[in-house]
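Trainee: Sequence first, then the predicted structure:
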Amino acid sequence: MIKAGLAHLWFVTLHPFDDGNGRIARAICDLLLARADGSPQRFYSLSAQILSERSAYHDILEQTQRGSLDVTAWLTWFLHTLHRAVDNAKHTVGAVLVKTRFWQRWATASFNERQIKLLNWLLDGFDGKLTSSKWAAIAKCSADTALRDIGELVTLGVLRRSASGGRSTAYELTQ
C-alpha cells in the first residue's frame, strides 16, 4: 500500500505527459494495490474515492510537492482515503446483499411492475415516508391502484404501516 501511494505521488510529481498524468497515476496505483491484494478481483475503487475527494487530493498534492521531501502527510492522506474507499465498498456490497436477500426471500411472490419498481426504490434507500400518494406519483398510477398495490404488499407481509404516524399513513419494508 505504501508502494502504491509513493508510486502515485512520484508519477504525478514527475508529470511526464501533457495530459493524462492523473489517470495514469491512478492506474499505476490500482495495479500496485491489486498486486498487494493478491487477488484478481477488488471490490473497492481508490480511483473513484480520489475523484470524489478531488479538492483535498489537489491540496495534499500541492502541500507535499511544495514542501520538503517528507511524504508522511501524503501517505497519511492516501491511506485514510484508501480506508474510506474500502468502507464505501463495504457499504455498497452490504446494500447489494440486503437487496439480494430480500428478492430471494420473496422469489415465489408475484409482484406487478409497479410493486417491483417501488420495492427497489425502498431497497435503494428511498428518503422520506412512503405514502400512497407518493406511490401513485412515482408509479404513475391512480390513488386507488396505489392503495391496492400497497394493500397486497401489506397482506403478504412485505410492507407494514409505519409506527411514526402523522397526517397520512406511511409504509415501510418489514425486516
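Mentor: Yep, that arrived. Residues are numbered from 1 along each chain as shown.
Trainee: only C-alpha atoms for contact and neighbour calcs from this point on.
Mentor: OK.
Trainee: what about L123, how many residues close to it?
Mentor: Number of residues near L123 (other Cα atoms under 10 Å) recorded here: 16.
Trainee: Look up how far Q41 lies from it.
Mentor: According to Cα to Cα, to the nearest Å, L123 and Q41 sit 26 Å apart.
Trainee: Could you write out the alpha-carbon coordinates of the lowest-mean-pLDDT helix or strand in the chain in CSV?
Mentor: Least confident helix or strand of the chain, by mean pLDDT, DSSP states H and E, is helix 21-37 with a mean of 90. Extracted in CSV, the C-alpha atoms of helix 21-37 (Å, rounded to 0.1, in the frame of the first residue of the first chain):
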residue,chain,number,x,y,z
ASN,A,21,-0.9,12.1,-15.7
GLY,A,22,-3.6,11.8,-13.0
ARG,A,23,-5.3,8.9,-14.8
ILE,A,24,-2.1,7.1,-15.4
ALA,A,25,-1.0,7.6,-11.7
ARG,A,26,-4.4,6.2,-10.5
ALA,A,27,-3.9,3.2,-12.9
ILE,A,28,-0.4,2.6,-11.6
CYS,A,29,-1.7,2.8,-8.1
ASP,A,30,-4.6,0.4,-8.8
LEU,A,31,-2.1,-2.0,-10.4
LEU,A,32,0.1,-2.0,-7.3
LEU,A,33,-2.9,-2.3,-5.0
ALA,A,34,-4.1,-5.3,-7.0
ARG,A,35,-0.7,-6.9,-6.7
ALA,A,36,-0.7,-6.3,-3.0
ASP,A,37,-4.2,-7.7,-2.6
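Trainee: Beyond that helix, next helix or strand please.
Mentor: Per DSSP states H and E, the first helix or strand lying C-terminal to helix 21-37 is helix 46-52.
Trainee: Now do the buried residues in that following helix.
Mentor: Burial within helix 46-52, assessed by neighbour count using 16 or more other Cα atoms under 10 Å, is assigned to L46, S47, Q49, I50.
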